[in-house]
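> Starting from these lines, generate the structure:
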Amino acid sequence: MSKNGKHTELNRIDALLASVTEEMLGGEFETEADSQGLRVERILLDLIRPDPIQPRRMLPDDIHHAFHNNQLTPSNALREMVRKAQVTARQHGRPFSNVMDLITNEDHAESASYSPEESLLRELLTLALTIRDDGQVNPLTVVDVSQGVSFQFRIETGERRYWASWLLRDFVPDYHGDGMVPCIIVPPDTASPFRQAKENTARSGLSAIALARQAALLLLAVHDYELPEYAVNNDFYRQALDLHLRGKPKASVQILAAMGGISKMHFSRIKALLGLSDEAMELADLHQIEERKLRYVL
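Numbering: from 1, shown residues only. Next up is the predicted model:
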């Protein structure tokens, strides 16, 4: 297929996925999805893995790498995150023994200044309880990366829902779900970092460092770099510091749009954050420090 043909196909798939909810699965949507090579299924949570190079990291850096290096199961990764949140909560005089205590302690929620670990855990718990009570409204988009008889699916969009589902399954008492989550399965040859970028930028709370990683992935993609399927360090993203959009007008429009319609100057400032040290990037990502503050330490 020509590049133009593949681009047109990806646009059709993007449009199809843009506003789908679980209630729409089946019927006309499933017929249209099938015509685009998509499959709509409920998949066992154990068969799904997050994208290791997803710019928007849900887990603290050390847990992220341990998980993607297969040193932690999803449940153990969450347990480590809960432990981190418990330590910071105890330091601020609001100890909790299990995640459901966060709900019973909500009387202090409006006045408290939560650590990043506590805030993330609260967000995931809120989403988990919404899924429990109302079902999962938005399906995950996953890429079929199965090999032989070994089934495996990599998340393209929806990692927050994935972790909330694990939290619900293993940490919320008296939950009796079937361990399945609704998914739209995308063929490997139509996986798109641009679709992932659009979902990321459509969500609130994307840190400046996550945006820098996002910019790097898109630049690497349009320059035909192979994107790995394993966890990477910051040097992988720093390759984008030597890349630019000159002479690529179509790619420039696509990237700036996927980044939320930002200007070329803003894009350049975001990309420049990749020049920060590893320690600075980790702290800036954890504490959601804005680009306009970080630019002065480059």
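
> count of residues packed around Met265?
Using other CB atoms under 10 Å, Met265 is surrounded by 8 other residues. Heads up, the C-betas are built off the backbone N, CA and C, glycines and all.

> SS state for it?
When the structure is reduced to helix, strand and coil (DSSP: H, G, I helix; E, B strand; the rest coil), Met265 reads as helix.

> Distance of it relative to Leu256?
Distance of Met265 to Leu256, given as CB to CB, to the nearest Å: 11 Å.

> what do you get for Pro55?
Between Pro55 and Leu256 the distance, using CB to CB, works out to 16 Å.

> Looking at these two, which is more packed in?
For Pro55 and Leu256, the more surrounded residue by other CB under 10 Å is Pro55, and the numbers stand at 24 against 18.

> My guess is that one contacts Ala208. True?
No - at 11.1 Å, Pro55 and Ala208 do not qualify as touching, with contact defined as CB atoms under 8 Å.

> Tell me which strands the helix or strand hosting Val181 pairs with, and in which orientation.
According to DSSP states H and E, Val181 maps onto strand 180-186. Strand partners for strand 180-186, identified by DSSP bridges, are recorded as strand 39-44 (antiparallel), strand 140-144 (parallel).

> How far away from the center of its chain is it?
Distance, stretch centre to chain centre, for strand 180-186: 15 Å (CA atoms, centre = their mean, to the nearest Å).

> pLDDT of it, averaged?
Per-residue pLDDT values over strand 180-186 give a mean of 93.

> do stretch 125-142 as well
92.

> Could you say whether the residue of the chain most remote from its centre sits in a helix, a strand or coil?
The centre of the chain is farthest from one residue, Gly93, which by CA atoms, centre = their mean lies 31.3 Å away. Secondary structure state of Gly93, per three-state DSSP, is coil.

> any idea how far it is from Gln214?
Gly93 sits 37 Å away from Gln214, going by CB to CB.

> again with Arg203
Computed as CB to CB, the Arg203 to Gln214 distance reads 12 Å.

> Between those two, tell me which one has more neighbours.
More neighbours surround Gln214 than the other of Arg203 and Gln214, with 26 against 10 (other CB under 10 Å).

> Flag the shaky bits of the stretch 1-150 of the chain, pLDDT-wise.
Counting by pLDDT under 70, the low-confidence segments of the stretch 1-150 of the chain come to 1-37, 105-112.

> Now do the helices in it.
Counting by DSSP state H, counting those that start in this stretch, the segments of the stretch 1-150 of the chain that form helices are 3-17, 27-35, 61-68, 74-91, 101-104, 116-134.

> Is it correct that Gln254 is in contact with Phe194?
Yes - taking contact to mean CB under 8 Å, the distance of 6.3 Å between Gln254 and Phe194 places them in contact.

> joint contacts of the two?
Listed as contacting both Gln254 and Phe194 by CB atoms under 8 Å, 6 or more residues apart in numbering are Leu218.

> contacting residues for Glu290?
Glu290 sits next to Ala208 when contact means CB under 8 Å, 6+ apart.

> any idea how far Arg160 is from it?
To Arg160, Glu290 is 21 Å away according to CB to CB.

> quick one: average pLDDT of stretch 159-169?
For stretch 159-169, the mean pLDDT works out to 96.

> What lies in contact with that stretch?
Here stretch 159-169 makes contact (CB under 8 Å, 6+ apart) with 45, 48, 50-51, 54, 56, 58-59, 74-75, 78, 99, 123-125, 127-129, 131-132, 136, 138, 140, 155, 175, 177, 179, 181, 203.

> Could you do stretch 195-212 as well?
For stretch 195-212, with CB under 8 Å, 6+ apart as the criterion, the contacting residues are 10, 13-14, 17, 51, 54-57, 141, 156-158, 160, 214, 217-218, 237, 258-260, 270-274, 276, 281, 284-285, 288-291, 294.

> Report the buried members of those.
In terms of neighbour count (16 or more other CB atoms under 10 Å), the buried residues within the contacts of stretch 195-212 are 10, 13, 17, 51, 54-57, 141, 156-158, 160, 214, 217-218, 237, 258-259, 270-274, 276, 281, 284-285, 289, 291, 294.

> now, which of those residues lie within helices?
The helices in this structure, assigned by DSSP state H, contain 10, 13, 17, 160, 214, 217-218, 237, 258, 270-272, 281, 284-285, 291, 294 from the buried ones among the contacts of stretch 195-212.

> just to revisit the earlier point, return the set of buried residues in the very next helix or strand once past the strand holding Val181.
Per DSSP H and E, strand 180-186 leads on to helix 193-202 as the next helix or strand towards the C-terminus. Buried positions in helix 193-202, judged by neighbour count with 16+ other CB under 10 Å: 193-201.
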